Every structure is written in structure tokens, then in C-alpha cells.
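In: Here is my input; please provide its structure:
(chains A, B and C)
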Amino acid sequence: MATETTEHAQGMPQLDFSTFPNQIFWLVVTLIVVYLLMSRVALPRIASVLAERHGAIQSDLDKAEEMKAKAVEAEAAYNQALVDARAEAQTIVADARAEIQKDLDVAMAKADAEIAAKSAESAVAIKEISDNAMDAVKEVANDTAVEIVKAMMPGAGDAKSVKAAVTARLKG
Amino acid sequence: MATEDGGSGLNIHPMDQFLVKPLFGGDGTIGMFTITNVTLWLAIAVVCIIALMVLGTRGRAIVPSRSQSIAEVLYGFIHKMVEDTTGKDGLAYFPYIFTLFIFILVANFVGLLPKSFTTTSHIAVTATLAMAVFLAVTVLGFVKNGASFLSMFWVASAPLALRPILALIEVISYFVRPVSHSIRLAGNMMAGHAVIKVFAGFAVVTWIAPASILAITAIYALEMLVVSIQAYVFTILTCVYLKDALHPHH
Amino acid sequence: MAIEGNITEMGQLMGAGLACIGMGGAAIGVGNVVGNYLSGALRNPSAAAGQTATMFIGIAFAEALGIFSFLVALLLMFAV
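Out: Below is the predicted model of the structure:
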């Protein structure tokens, strides 16, 4: 086998049993160190971090759920308030309408009464006027009839009977 | 290589990278406590693991940093694997399985660095890992289930005549487990690295060099995949063996 | 060119080459596992995720035998 500047492997180094105790010793040391580090430090730490994260996510989710419930509640309250307000507005409108109606009725009644009074007054005045006019007509008719009778048939009938006849005619 | 050098002009020594050497000169002998390149690269792996799993997570952030999220992904991955494969009662052994996984993964990746020494390519290392799993699982099986652990080898659903044969096969396959468990990891690592070395050796010849470098790149990419899959496979087989120990009646 | 070297070494190297045929078997096995997994997964994608681990275990078992043949080759070349 060539023995040059560097040393070359004779056969398989893996089967060189003289190095076994050395390798096994250092391997065992390494494994114990790694095991202690993992089981005492690293793994509990990672486990706690994962648990913490899980807890944080869970609490965040819970909080979000709570917020959502609150939002739903708020929406319901808002809707309720809206319905209430609407109903109130309705009643106010109805009240106002009723009041206006009442005022209106009163005013109408008053106006009707006034109109009735006025028309009664007018009727009286008209009656008076027409009576006056009737009297005047009667007088004129009597006078006219008397004159006509006097003119047409002198001496026939007196003024009294003519007047009676005219009155009967006017009534008929 | 068992052949003489110089015949073809190629000096390919694919096995050199696996040599265990003392780090500080000395007389070149390797005792049990000699600080070798094995020590160095195991220490580098430990440092990387600390950087990722301990320093990377020290922020304990709710919104993780990059290194922390890598650590969390690895944690979640292995946690789910253990839970899915062995059930809830397997989670007691989660730290041990996670230790195996992170060590193999990081050691494999560190071994891919140029000029590095791949600790997991040595049978001594992987056999120790596999034997640790094998012994732990066997002892655990007997502690948890007593003698009824042996019923794992006695397939009750098979016809009576076949059962002794099946039992023999089951026993053999049970004892082959640590062998295949360790050889698979070491063999994969060794093969990949040796292939890269062989292609690198071809690069000496000018007109092959471009193809050789392309091939090294491709193999390197493949090795990145193989390295993580082997860590995964080692871990999931550990979980499967652990499940057999915890629930042997299937 | 005269043939030189010893016959044991020749046997080792030939054996190593022959052992590598086993790797082809492992390749066929792994391809079979993944191919069948994939065709099953395409038929029923919802069940695929749960069986990935099983696929990897199957790959590992099929591949282990290829690795064994590689190991035999290496042992023949370097260790025997």
C-alpha cells in the first residue's frame, strides 16, 4: 500500500476495532449531553411556548367570539331602538293628527254655526225685504187696480172690493 | 484500495475520509479517552444542536423567530410521529427519541460539510445507537408486559402447525433488527460519501472534470435528501420497535 | 500483457462486483414500494397522508438489503 505524504486507509476504517472504544465513549458522552439539554432545557421550553401560543390563540378566539356576540347584541339593541322610535313617531303623528282633527272639527263647527247664524239673519232680512216688497206690490197693485177699474168702469165697485179681489188674486 | 497505486494515474482513496485520527499528535495510538476527530465532529454537532434548540428558542416568542420555528417544526414533527406510531403512552419516551433524531440529523448534516468527518458513517457509532434502542426496548418490553412480551413471537392468528416456524422467523427478525438498524444508517452515509470521493477522484482527469463536478453536485443534492430521510427512518423504526414493546399483542 | 497479481484478490474483486447486483434488487424494491404507494395515493388521496410513514418504513426495509449487499462488497474488497 502506498505510504505517501498523507496516511491512507488500510481497508475499511469502520472495521478497525481499535478505535471502537474511543468512538463509543465519545458518542455516549455526546448523547448524554444532548439528552440532558433536550429533556431539561429545549423540549420543556418549546412545549411551554407551544402551549402558550395555543392558549393565546384560544383566548384571542374567545375574545373575538365575545366581541362578535357583543356586536350582535348591539345590532339587536339598535334595531329595537329603531322599532321603538318608529312606533313613537307613529303615535306622535297619530296624536298630532287627532289634535288637528279636533281643532279642525271645532273650527268647522264654529264656522258652521256662524254661517248658520249669518244665513238665518240674512233669511230674516230677505223675508223682511220681500215682505216689504210684497206690501209695496200689493199697494201698487191695489192702487193700479182701483185706478184701472175707475177708468174702465166708473162707478162699478168701490175701492174696498177691488182691494179684496186683488189680495185674493195675489194670494192665489 | 487493495490494488497498487499508479497503474491508471488515478489516486482514489474513498475510505480515507473515514479514518479516525488523534487530534493532537501524540504517539498516534487511540485509547478510549483520546481526543480524536470523532470527538471534534461530535462536539461540533452538539454545538449546532445547542445553537438550534437552546439558543434558537431562548426568545420564547409567541411569534417565533426563524430558528425557533425550525426547532418548533422539528418538535412537532417528532411529537406527532411518536404519538401516531406508539400512542399516547409512548410520549413518555419522547425526549429520548427526539435526542436520537436531532443527533442523527445534525451529525449527518455536519458530516456533509467538505473536509468533515462523518461520525454516523461509523458502525461503532450507529451500532451503539441501535443497541441502545434494542436493549432499551427489550428491557422495557419485559418490564411493562412481563413474560407475556414473549407472545409477540407466537403469532396466535396463524395455523397451529405454522406457529413454531413463524416464531423462529420472528425471533430471528427480532435479533436482526439492531443489525439492520445500524448498518442502514452507517451504510447509507458511507456509500454516499464514498461515491462523492470517487467522483472527486475522477476530476483529476481534465476532460472528465466537468462531468465529474456535475455528478458531485447531483450526488450531494441526493445526499442532502438521504441524510434527512435516514434520520427520519432511524427515528420511526425506533418508534415502531417501541410500539412493539409497549403493545406486543398484535 | 501478462496477468499478474494473486488469485485471491481477483476473487475478492469479482465477488464484490457480483455483490453489487444486489443493489439493483434493492432499487427495484424501493421503486415498487414508492410506485404502489403513489398509485394508491392517486386513487385515494385522502388516505395518503396517513400512510407516508408506512411507506418510509417499507423503503427502509427494502433499502436495508441493498445496503447489506453494498456492505458485502466492501467487506470483500477491504476486510477479507
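In: Going by C-alpha atoms from here, please, whenever you check contacts or count neighbours.
Out: Will do.
In: count of neighbours near the closest residue to chain C within chain B?
Out: As assessed by CA to the nearest CA, chain C sits closest to residue B:184 within chain B, at 5.4 Å. Residue B:184: 27 surrounding residues under other CA atoms under 10 Å in any protein chain shown.
In: Also residue B:147?
Out: 10.
In: need the contact list for it.
Out: Listed by CA atoms under 8 Å, 6 or more residues apart in numbering or on different chains, residue B:147 has no contact partners.
In: which secondary element of chain C has the worst mean pLDDT?
Out: Every helix and strand of chain C was ranked by mean pLDDT, DSSP states H and E. The lowest is helix C:45-74, at a mean of 85.
In: follow-up on the earlier one: could you report the separation of the closest residue to the residue of chain B closest to chain C other than its chain neighbours from residue B:233?
Out: Ranked by CA to CA, 6 or more residues apart in numbering or on different chains and with sequence neighbours excluded, the top spatial neighbour of residue B:184 is residue C:64, at 5.4 Å. Residue C:64 sits at a distance of 11 Å from residue B:233 (criterion: CA to CA, to the nearest Å).
In: swap in residue A:77?
Out: Taking CA to CA, one finds residue A:77 at 61 Å from residue B:233.
In: which of the two has more neighbours?
Out: Higher neighbour count among residue A:77 and residue B:233: residue B:233, with 24 against 12, using other CA under 10 Å.
In: Pull the contacting residues for the residue of chain C found nearest chain B.
Out: Proximity of chain C to chain B (CA to the nearest CA) peaks at residue C:64, 5.4 Å away. Taking CA under 8 Å, 6+ apart, we find residue C:64 in contact with B:180, B:183-184, C:26.
In: Chain B contacts on chain A?
Out: Applying CA under 8 Å from any CA of the partner chain, we find that chain A lies next to chain B at A:1-2, A:7-15, A:18-27, A:30-31, A:33-35, A:37-39, A:41-43, A:45-46, A:49-50, A:52-53.
In: Now do the helix ranked longest in chain B and helix C:45-74, the angle between them.
Out: Longest helix in chain B, counting residues (DSSP state H): helix B:163-202. Here the directions of helix B:163-202 and helix C:45-74 differ by 70 degrees (axes from the mean of the first three to the mean of the last three CA atoms, to 10 degrees).
In: Specify which residues of chain B, grouped into ranges, have pLDDT under the cut-off.
Out: B:1-10, B:26-28, B:250 (pLDDT under 70).
In: Mind telling me which residue of it is nearest chain A?
Out: For chain B, CA to the nearest CA, closest residue to chain A: residue B:32, 4.1 Å.
In: Using the three-state scheme, assign that residue.
Out: Taken by DSSP: H, G, I helix; E, B strand; the rest coil, the conformation at residue B:32 corresponds to coil.
In: Give me the neighbour count for residue A:135.
Out: Using other CA under 10 Å, residue A:135 is surrounded by 12 other residues.
In: And it, how close does it get to residue A:99?
Out: 53 Å.
In: Select the longest helix from chain A.
Out: helix A:43-152.
In: tell me which element residue B:80 is part of?
Out: Taking DSSP states H and E as the definition, residue B:80 sits inside helix B:66-86.
In: ok, and does the helix or strand following that helix reach over to chain C?
Out: Next helix or strand after helix B:66-86 toward the C-terminus (DSSP H and E): helix B:94-111. No: in terms of CA under 8 Å from any CA, no part of helix B:94-111 sits within range of chain C; the closest distance is 15.1 Å.
In: Following the chain past helix B:94-111, name the next helix or strand.
Out: helix B:123-145.
In: quick one, that following helix and helix B:94-111 angle?
Out: Relative orientation of helix B:123-145 versus helix B:94-111 (the same axes, to 10 degrees): 170 degrees.
In: who does helix B:123-145 touch, helix- and strand-wise?
Out: Helix B:123-145 sits against helix A:20-36, helix B:163-202, helix B:209-246, with contacts defined as 3 or more CA pairs under 8 Å, 6 or more residues apart in numbering or on different chains; DSSP states H and E.
In: List of residues touching that helix?
Out: Counting by CA under 8 Å, 6+ apart, A:14-15, A:20, A:23-24, A:27, B:100, B:119-120, B:148-149, B:177-179, B:181-183, B:185-186, B:238, B:241-242, B:244-246, B:248 sit against helix B:123-145.
In: how about the nearest residue to whichever residue of chain A sits closest to chain C, chain neighbours excluded?
Out: Residue nearest to chain C within chain A: residue A:11 (4.2 Å; CA to the nearest CA). The spatial neighbour of residue A:11 that comes closest, neighbours along the chain excluded (CA to CA, 6+ apart), is residue C:78 at 4.2 Å.
In: Give me the local confidence score for residue 31.
Out: Here I'm looking at chain A. On the pLDDT scale, residue A:31 is placed at 93.
In: nope, chain C
Out: Reported pLDDT for residue C:31: 94.
In: so it is in which element?
Out: Secondary structure assignment for residue C:31, by DSSP H and E: helix C:21-43.
In: Rounded mean pLDDT for the longest helix of chain A, please.
Out: Averaged across helix A:43-152, the pLDDT comes to 90.
In: Off-centre distance for it?
Out: Averaging C-alpha positions (CA atoms, centre = their mean, to the nearest Å) puts helix A:43-152 18 Å from its chain's average.
In: Equivalent analysis for stretch C:47-56, please.
Out: Using CA atoms, centre = their mean, the offset of stretch C:47-56 from its chain centre is 21 Å.
In: can that stretch be found next to chain B?
Out: Yes: Stretch C:47-56 is in contact with chain B by CA under 8 Å from any CA, via C:53, C:56.
In: Please point out which parts of that stretch sit buried.
Out: By neighbour count on 16 or more other CA atoms under 10 Å in any protein chain shown, the buried set for stretch C:47-56 is C:48, C:53, C:55-56.
In: CA atoms only for that stretch, dumped as PDB, please.
Out: Output in PDB follows, covering the C-alpha atoms of stretch C:47-56 (Å, rounded to 0.1, in the frame of the first residue of the first chain):
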ATOM      1  CA  ALA C  47     -55.800   8.300   2.800                       C
ATOM      2  CA  ALA C  48     -52.300   9.000   1.500                       C
ATOM      3  CA  ALA C  49     -51.100  11.300   4.300                       C
ATOM      4  CA  GLY C  50     -51.600   8.600   6.900                       C
ATOM      5  CA  GLN C  51     -49.600   6.000   5.100                       C
ATOM      6  CA  THR C  52     -46.400   8.100   4.400                       C
ATOM      7  CA  ALA C  53     -44.700   6.800   7.500                       C
ATOM      8  CA  THR C  54     -45.600   3.200   6.500                       C
ATOM      9  CA  MET C  55     -44.100   3.900   3.000                       C
ATOM     10  CA  PHE C  56     -40.900   5.100   4.600                       C
END
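In: residues in contact with residue 98?
Out: The chain I'm using is chain A. Applying CA under 8 Å, 6+ apart to residue A:98 gives no contacts.
In: Actually, chain B is the one I wanted.
Out: Residue B:98 touches A:38, B:75, B:78, counting by CA under 8 Å, 6+ apart.
In: got TSV for those residues, with neighbour count and distance to residue A:165 too?
Out: Listed next are the contacts of residue B:98 as TSV, based on neighbours: other CA atoms under 10 Å in any protein chain shown; distance: CA to CA, whole Å:
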residue	neighbour count	distance to residue A:165
A:38	23	149
B:75	22	141
B:78	22	143
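In: can I get these in a markdown table with distance to residue B:90?
Out: Output for the contacts of residue B:98, formatted as a markdown table (distance: CA to CA, whole Å):
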| residue | distance to residue B:90 |
| --- | --- |
| A:38 | 17 |
| B:75 | 15 |
| B:78 | 12 |
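In: Filtering those by proximity to chain C, which remain?
Out: Among the contacts of residue B:98, not one lies near chain C by CA under 8 Å from any CA.
In: Closest to residue A:71 out of these?
Out: residue B:75 (39.4 Å; CA to CA).
In: for the closest one, what are its contacts?
Out: Neighbours of residue B:75 in contact, by CA under 8 Å, 6+ apart: A:43, A:46, B:98.
In: Perfect, I'm done here.
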